[in-house]
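S.K.: Show me the folded form of this:
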Amino acid sequence: MAAVDRRQQVIKAAAKSFSLFGYKATTMDQVAKIANVGKGTIYTFFSNKEQLFDEILRGVILDLKHIAEREIRRDKPFFDNLQRVLDALLEFRSEHELFIKLSQEKREFGTPQAQEGLDKIESVILGYIEREVEYAIGQGQVKPCDPKVVSAVMLKLYVVLTSEMGKLREPLDKEQIKAYFRLFLAEGLEQKQA
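M.R.: Next up is the predicted model:
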């Protein structure tokens with residue numbers, strides 16, 4: 001088997017192990033067993049578990065970037081694009097086993113590496129939104145503002161509307177989420193006096 005194939009085999013096995021067992025419980029022995037290679041083969045490509053985990057995160061981040069780029073339509077308004085990108089990213093995140101396991105591990109054990117992994121992924125999403133806000137400002141679709149602040153608020157609002165709202169009431173459907181997102185961010189709450 002070629003070295004490139006073994007490296008990919010190790011990466012695929014590590015992704016499976018981290019998704020099943022989390023960061024804390026994944027060992028190089030488990031990865032070797034899942035990959036059906038000797039533990040020494042792993043060390044040919046990665047010096048430790050942290051480096052292997054970073055490689056898995058790098059792949060996930062590339063997937064997220066491709067998803068976001070696929071959803072942007074420059075002929076559409078900013079908020080339509082943003083809605084599509086956030087829908088796609090959050091759907092990917094909620095269905096991807098690694099996100100689910102890292103979130104669970106963070107909640108249950110407070111594993112720093114799980115938190116760092118989730119933070120890296122959120123940072124990529126925030127960076128993408130920030131660039132889109134900057135683009136929209138340049139196009140005159142959004143008022144001049146601090147893109148860092150706006151992107152953080154947008155992401156947190158979207159997470160609340162899509163995930164956390166279900167803890168307080170019946171979950172919102174996609175059209176309700178879109179309407180509230182537009183109300184809070186595009187239109188604002190203030191009633192204009194005539």
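S.K.: from what I can see L20 touches K101, true?
M.R.: Yes - between L20 and K101 there is a contact at 7.1 Å, judged by CB atoms under 8 Å. To be clear about C-beta, it is placed using only N, CA and C from the backbone, and glycine gets the same treatment.
S.K.: Show me what counts as buried in stretch 112-123.
M.R.: Residues of stretch 112-123 classed as buried: Q113, A114, E116, G117, L118, I121 (neighbour count, 16 or more other CB atoms under 10 Å).
S.K.: Share the number of residues neighbouring the residue lying closest to the first one once chain neighbours are set aside, please.
M.R.: Spatial nearest neighbour of Q113, chain neighbours left out: Y23 (4.5 Å); criterion: CB to CB, 6 or more residues apart in numbering. The tally of other residues near Y23 (other CB atoms under 10 Å) stands at 24.
S.K.: again, but for the one 5 residues further on
M.R.: By the criterion of other CB under 10 Å, M28 has 18 neighbours.
S.K.: in what helix or strand does Q51 lie?
M.R.: helix 49-71 (DSSP states H and E).
S.K.: Just want the angle from the following helix or strand past that helix to helix 49-71.
M.R.: Next helix or strand after helix 49-71 toward the C-terminus (DSSP H and E): helix 78-95. Relative orientation of helix 78-95 versus helix 49-71 (axes from the mean of the first three to the mean of the last three CA atoms, to 10 degrees): 140 degrees.
S.K.: which other residues reach the very next helix or strand once past helix 78-95?
M.R.: Once the chain leaves helix 78-95, the next helix or strand it forms, by DSSP H and E, is helix 97-109. With contact meaning CB atoms under 8 Å, 6 or more residues apart in numbering, helix 97-109 is reached by 15, 18-24, 56, 60, 93-94, 111, 114-115, 117-118, 121.
S.K.: returning to what we had before: tell me which of the buried residues of stretch 112-123 fall in strands.
M.R.: In strands, defined here by DSSP state E, there are no members of the buried residues of stretch 112-123.
S.K.: do you know how far G166 is from K106?
M.R.: Plainly put, G166 is 19 Å away from K106 if you go by CB to CB, to the nearest Å.
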